[in-house]
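**Q** no sequence for this one, just the structure:
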């Protein structure tokens, strides 16, 4: 009898998250759903609770004319059990606001918990709300990197 090698859950977790994100950003939430477990818990920007990738795509459609992610890093760490992995994907958003004005450099951090290779939890943070406050004249623009004295 041949024994199967145990594949650590962290081995493919980063690739799983990157493919999930690629599909969500198309947007193709139906295809993205194959990477999530039943009972998925999503906490989107502003603490908005969601349960399905389609809800993320629908929310993004109200905030942006279109939006994509430029990955800077995907970091995988062991989870609380041997069947769990935690993935952090960071980078910047680029796209266009609903009025068509382009943007880029909008920072984001996404955190995923995977169990047995499927996403069970997703937390999303980004600077879009800050950018929208500036666009609405409710906050002062901040200096860009390298600017100042």
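**A** It's in. Being a predicted model, the structure only gives us computed values, none of them experimental.
**Q** and the closest residue to residue 126 other than its chain neighbours, how many neighbours?
**A** Distances taken as C-beta to C-beta, 6 or more residues apart in numbering place residue 108 nearest to residue 126, at 3.8 Å, with adjacent residues excluded. Every residue, glycine included, has its C-beta placed from N, CA and C. Per other C-beta atoms under 10 Å, the neighbour tally for residue 108 reads 20.
**Q** Relative to residue 25, how far out is residue 108?
**A** 11 Å (C-beta to C-beta, to the nearest Å).
**Q** Which neighbours do those two have in common?
**A** Common neighbours of residue 108 and residue 25, using C-beta atoms under 8 Å, 6 or more residues apart in numbering, are residue 69.
**Q** what about residue 22, distance to residue 105?
**A** From residue 22 to residue 105 the distance is 20 Å (C-beta to C-beta).
**Q** can you check residue 34 too?
**A** Applying C-beta to C-beta to residue 34 and residue 105 gives a distance of 31 Å.
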